[in-house]
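Participant: When you get a sec, could you give me coordinates for this:
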Amino acid sequence: MSKRIAILGSTGSIGTQALEVVDAHPEDFEVEVLTANNNVELLIEQAKKYNPNTIVIGNKEKYQLLSDALIDTDVKVYAGDEAIAQVVQISTVDIVLTAMVGFSGLLPTVNAIKAGKQIALANKETLVVAGDIITQLALENKVSILPVDSEHSAIFQCLAGEFHNPIEKILLTASGGPFRGKKVDFLRKVTRCQALNHPNWSMGDKITIDSASMMNKGLEAIEARWLFNVKPDDIEVVVHPQSIVHSLVQFEDGSIKAQLGLPDMRLPIQYAMTFPQRLKADFPRFNFMDYPELTFEKADVKVFRNLDLAYQAMKKGGNMPCILNAANEIAVDGFLKQKIGFVEMSDVIEKTMMKATIVEKPSLDDYLQSNDEARAIAEEIIKNK
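Facilitator: Presented below is the predicted three-dimensional model:
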């Protein structure tokens, strides 16, 4: 039987590639729900092509345009963040691919888990912000959380057949981004255009900036802590410029497993959508002869301070990762709007972590309040720069 899928963030990089996977295997998937935040034009195209049960546009101002364009179809049309959070619960959905960016993915994921839907998780911020609550909810509702990020998919694949064997260390690989090997003086002069020019991956603006600052790898470390139930000190970030080895797992006997492949997000997306099966795919194949050297370096946390701040937040626990994430989202937005410089993003995040209220054992409401408070603090810091 085909899987009925809801794609949250269908117009973004992950969402559009997920639909490519659907195109390649039309007999295996039915598109039931599509959502987008702002890109109403592409959402209309997708709705007409895939004829889903329901679509939602986050920006309520674009509802009428969306509704008018689909008036001659049977597609149900809704708008607003609340609708996105609710639509994941409909009975015709089997699996929810959460490809929304940032904190916005939290509540839809919570609702999907409560409704017993399988989760294909591309929204790392959900586990960064509230990993304790999400993992407990998944356990209570017998829901699988299948990672979509290439690094976490690699770890998950390395653990196939090994779930009973304790992990000694997770080696999380990072490309190093466009500024690998650069010093702080160089980073002070970095432009928006330079930071958006990633050498290996094609991603949305926010994730690309996070990759350039190495915050993305810090968030991924926090995500790995919850996905694989390991301690912060058992997660090591290793810079691997070629982006061929997507991550590694070391076991107690010293053996290391790695998952390799070309930088192509369709493979981990498809693996999450089809697990435990591996469907045939026509993705380009990796050839060792094309990569005679695979190199690895230590991450420079003195230059890329965001990585160090993420580890500090992970070790502090409580609502600190939520504070870190909120401050980072505001800092990245400030950089993209040229209100602050590249290096100043770390300053904004660090100061917000120092000023925000700490909650050691937060509830979901505490996380929502922490997010709002941290954003307000970070915005004020940027305003006063």
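Participant: mind listing the strands for the stretch 151-300 of the chain?
Facilitator: 167-174, 235-239, 245-251, 256-260, 297-298 (DSSP state E, counting those that start in this stretch).
Participant: Minimum distance to G318: which of the ones you listed has it?
Facilitator: Among the strands of the stretch 151-300 of the chain, the nearest to G318 by CB to CB is strand 235-239 (18.5 Å). From N, CA and C alone the C-beta is placed, and that goes for glycine too.
Participant: For the closest residue to K3 other than its chain neighbours, grab the count of nearby residues.
Facilitator: Nearest residue to K3, sequence neighbours excluded (CB to CB, 6 or more residues apart in numbering): D94, at 4.9 Å. Using other CB atoms under 10 Å, D94 is surrounded by 17 other residues.
Participant: quick one, domains of this structure?
Facilitator: 3-147, 153-264+283-383 (automatic domain parsing).
Participant: and among these, the most buried is which?
Facilitator: domain 3-147 (a mean of 20; mean count of other CB atoms under 10 Å).
Participant: now the end-to-end length of that domain.
Facilitator: 17 Å (CA to CA, to the nearest Å).
Participant: any idea how far that domain is from the chain center?
Facilitator: 14 Å (CA atoms, centre = their mean, to the nearest Å).
Participant: got it, and stretch 196-206?
Facilitator: 14 Å.
Participant: What lies in contact with it?
Facilitator: 12-13, 101-102, 175, 177-178, 208-209, 211-212, 241-243, 263, 265, 329, 332, 336 (CB atoms under 8 Å, 6 or more residues apart in numbering).
Participant: now do stretch 359-369
Facilitator: L106, V110, V129, A130, I133, G317, G318, N319, C322, S370.
Participant: ok, the residue lying closest to V143 once chain neighbours are set aside - contacts?
Facilitator: Leaving aside its sequence neighbours, V143 sits nearest to I113 (CB to CB, 6+ apart; 4.9 Å). Neighbour list for I113: I119, I134, L137, A138, N141, V143 [criterion: CB under 8 Å, 6+ apart].
Participant: try 7 Å
Facilitator: Contacts of I113 were listed using CB atoms under 7 Å, 6 or more residues apart in numbering, and they are I119, L137, A138, N141, V143.
Participant: now swap in N38 and tell me
Facilitator: G58, N59.
Participant: For my notes, confirm it occurs in a helix.
Facilitator: No - per DSSP: H, G, I helix; E, B strand; the rest coil, N38 lies outside any helix segment and is coil.
Participant: mind checking how far the spatially closest residue to G254 that is not a sequence neighbour is from E252?
Facilitator: Sequence neighbours aside, E168 is the residue nearest to G254 in space, at 7.8 Å (criterion: CB to CB, 6+ apart). E168 sits 5 Å away from E252, going by CB to CB, to the nearest Å.
Participant: Same question for M215.
Facilitator: 31 Å.
Participant: thinking again about what came up before, inside helices: which ones of the contacts of I113?
Facilitator: If you go by DSSP state H, those have L137, A138 in helices.
Participant: As JSON lines, the contacts of I113 with distance to V184 would be great.
Facilitator: Listed next are the contacts of I113 as JSON lines, based on distance: CB to CB, whole Å:
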{"residue": "I119", "distance to V184": "39"}
{"residue": "L137", "distance to V184": "41"}
{"residue": "A138", "distance to V184": "40"}
{"residue": "N141", "distance to V184": "46"}
{"residue": "V143", "distance to V184": "43"}
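Participant: Turn the contacts of I113 into a markdown table, including pLDDT and distance to A221.
Facilitator: Shown next, in a markdown table, are the contacts of I113 (pLDDT from 0 to 100; distance: CB to CB, whole Å):
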| residue | pLDDT | distance to A221 |
| --- | --- | --- |
| I119 | 97 | 20 |
| L137 | 97 | 22 |
| A138 | 97 | 20 |
| N141 | 97 | 26 |
| V143 | 96 | 23 |
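Participant: okay, the contacts of stretch 359-369 in JSON lines with distance to E380 and secondary structure next?
Facilitator: Output for the contacts of stretch 359-369, formatted as JSON lines (distance: CB to CB, whole Å; DSSP: H, G, I helix; E, B strand; the rest coil):
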{"residue": "L106", "distance to E380": "23", "secondary structure": "helix"}
{"residue": "V110", "distance to E380": "29", "secondary structure": "helix"}
{"residue": "V129", "distance to E380": "21", "secondary structure": "helix"}
{"residue": "A130", "distance to E380": "24", "secondary structure": "helix"}
{"residue": "I133", "distance to E380": "28", "secondary structure": "helix"}
{"residue": "G317", "distance to E380": "25", "secondary structure": "coil"}
{"residue": "G318", "distance to E380": "22", "secondary structure": "coil"}
{"residue": "N319", "distance to E380": "19", "secondary structure": "coil"}
{"residue": "C322", "distance to E380": "18", "secondary structure": "helix"}
{"residue": "S370", "distance to E380": "16", "secondary structure": "helix"}
